[in-house]
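S.K.: Sequence first, predicted model second:
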Amino acid sequence: MKVFKFGGASINTAERIQNTGNILRSYSGEKILVIISAMGKTTNALEKVVDAFFEGRKEDALKLFEQVKESHLNLLKYLISINWQQAENRLKDFFTEVEWLLHDKPVRDYDYYYDQVVCCGELLSTSLVSDFLNEAGIKNKWIDVRDIVRTDDNFRDAYINWNYTQQKVKSDVEPLFAEYDIVLTQGFIGSTDENESTTLGREGSDFSAAIFANILNAESQTIWKDVEGVMNADPKEFPDAQVIDALSYREVVEMAYYGAQVIHPKTIKPLENKNIPLHVRCFLKPEIAGTVISNKPVHNLPPIIVLKKNQVLMELSSKDFSFVEEKPIAQLHEMFAHIKIRPNLSQNGAVSLLCCLDDKPEKIEKLALAASEIFDVQLEKDLTLLTIRHYSREKYEELTKGKTVLLMQRTPETVQVLMR
């Protein structure tokens, strides 16, 4: 049993969907659970739909959603000929789910509507790919992961109910492999006890695949991407970035913690618990081995660079020069938990506390307002957080040259700087 996850870039054109079919065909006779993300920039497009809806611009939301509909229906014409009507009808069922909501008015939090709309991307992509594969002679069974993965109602970053999910995988998914070599489903999404759609955080499809790999006791998990493996930096930002052949679970967890976008932060633990190796491979060059991530320690790694842009520095100062430790900091952490935001970097002195946060305007505003009851609050936006694992002085100086460093933390392994 293997678990494959294909990202949105691997299925964003008819040719790439056909390429995905060729990869799966090369594993003929093997049992594979396939997780597929939304196509290309579909998630971003659906986020704009949610924004328009939540702002009360219903007509704009419907027009934006119409563009998503047209892109998928047009792709269907290139992929499916014999069973096109059945394939189109299933897509239209998912369209109706969203349109029914968009004709209403928002009465709940933004995150709730985000999950109800954005989850559509994975349902549409997997439906299309599954129908294409079946028509191409690659027999598979499509399932709605919302019937399997149960979560709480922490919308946009839902927590898995492992006991329920494990029972459903064992009872509803595992038996399908008696008839099918390939079972195909969605990543990133789940549902609550009330059958409300939830999402597991951006890039959560990696985590979805790890959930299935753990429960199914898979021999391996493979994430198919448009790069040749895990790289020591984002090649879009650093043209000289290099592929790393092997990494330990721990190193990847550290990379994810600091914001590297290669692997979802929650992915590793379910795999590490059962010592399941994770492969990161290129769908454009499937003959290349890529990167393997396992429990084996790896030495002499190159500097690993993570850049997080759109950061906010929040300076919280005591109003009466009393120490900020103990009660004020405890109150602040309660605010973080309530607003569902986590500092990427923090540092406190006697009467002030500095926090670096992702610039999520709605949450930053809520946090600043709540914190202003006990602190004097100042904000600075448009900053960049640089993290270098296994840094050298030369690499640090190269990447901070000409920048103003506002905050820095350093350990023997890692240096982090917030800079403008």
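M.R.: Okay, I see it. Residues are numbered from 1 along each chain as shown.
S.K.: Spell out the residue ranges of the helices in the chain.
M.R.: 14-25, 42-54, 58-79, 84-102, 110-118, 120-135, 162-168, 205-215, 249-257, 268-273, 327-339, 361-371, 393-400 (DSSP state H).
S.K.: what's the offset of stretch 332-351 from the middle of its chain?
M.R.: 23 Å (Cα atoms, centre = their mean, to the nearest Å).
S.K.: what residues does stretch 152-168 touch?
M.R.: 109, 111-112, 114-115, 147-151, 190, 192, 194, 196, 198-201, 211, 215, 340 (Cβ atoms under 8 Å, 6 or more residues apart in numbering). C-betas here are computed from N, CA, C, even on glycine.
S.K.: run the last query once more with 7 Å
M.R.: 111-112, 114-115, 148-151, 190, 192, 196, 198-201, 211, 215, 340 (Cβ atoms under 7 Å, 6 or more residues apart in numbering).
S.K.: can you check stretch 390-408 too?
M.R.: Here stretch 390-408 has contacts from 301-304, 313, 345, 347, 354, 356, 383, 386, 388, 413, 415-420, using Cβ under 7 Å, 6+ apart.
S.K.: out of those, which are inside strands?
M.R.: Among these, the members falling in strands (DSSP state E) are 304, 313, 345, 347, 354, 356, 383, 386, 388, 415-419.
S.K.: who wins for proximity to residue 319 among the helices of the chain?
M.R.: Residue 319 lies closest to helix 327-339 among those, at 9.8 Å (Cβ to Cβ).
S.K.: wait, doesn't residue 2 sit right on residue 34?
M.R.: No. Using Cβ atoms under 7 Å, residue 2 is not in contact with residue 34, being 9.2 Å away.
S.K.: quick one, which of the two is more surrounded?
M.R.: residue 34 (25 against 17; other Cβ atoms under 10 Å).
S.K.: of the contacts of stretch 152-168, buried ones?
M.R.: 111-112, 114-115, 148-151, 190, 192, 196, 198-200, 211, 215 (16 or more other Cβ atoms under 10 Å).
S.K.: Low-confidence ranges, the protein, go.
M.R.: The chain contains residues with pLDDT under 70 at 322-326.
S.K.: Which residue ranges make up each domain of it?
M.R.: 2-294, 304-419 (automatic domain parsing).
S.K.: what about the first one, how long is it end to end?
M.R.: Read that as domain 2-294. Using Cα to Cα, to the nearest Å, the end-to-end distance of domain 2-294 comes out at 15 Å.
S.K.: tell me how far that domain is from the chain's mean position?
M.R.: 9 Å.
S.K.: now swap in stretch 346-360 and tell me
M.R.: On Cα atoms, centre = their mean, the centre of stretch 346-360 falls 25 Å from the chain's centre.
S.K.: in that stretch, what's buried?
M.R.: 346, 348, 351, 353-358.
S.K.: again with stretch 229-244
M.R.: For stretch 229-244, by 16+ other Cβ under 10 Å, it's 229-233, 241, 243-244.
S.K.: same check, this time on stretch 297-304
M.R.: Residues of stretch 297-304 classed as buried by neighbour count (16+ other Cβ under 10 Å): 303-304.
S.K.: quick one: contacts for the closest residue to residue 172 other than its chain neighbours?
M.R.: Nearest residue to residue 172 in three dimensions, chain neighbours excluded: residue 148, at 6.2 Å (Cβ to Cβ, 6 or more residues apart in numbering). The contact partners of residue 148, by Cβ under 7 Å, 6+ apart, come to 165, 168-169, 172-173.
S.K.: Relative to residue 158, how far out is residue 148?
M.R.: 14 Å (Cβ to Cβ, to the nearest Å).
S.K.: Dump the buried residues of stretch 346-360 to JSON lines, plus distance to residue 105.
M.R.: JSON lines is the format used below for the buried residues of stretch 346-360 (distance: Cβ to Cβ, whole Å):
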{"residue": "346", "distance to residue 105": "39"}
{"residue": "348", "distance to residue 105": "43"}
{"residue": "351", "distance to residue 105": "46"}
{"residue": "353", "distance to residue 105": "39"}
{"residue": "354", "distance to residue 105": "40"}
{"residue": "355", "distance to residue 105": "35"}
{"residue": "356", "distance to residue 105": "36"}
{"residue": "357", "distance to residue 105": "31"}
{"residue": "358", "distance to residue 105": "29"}
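S.K.: Fine by me, thanks again.
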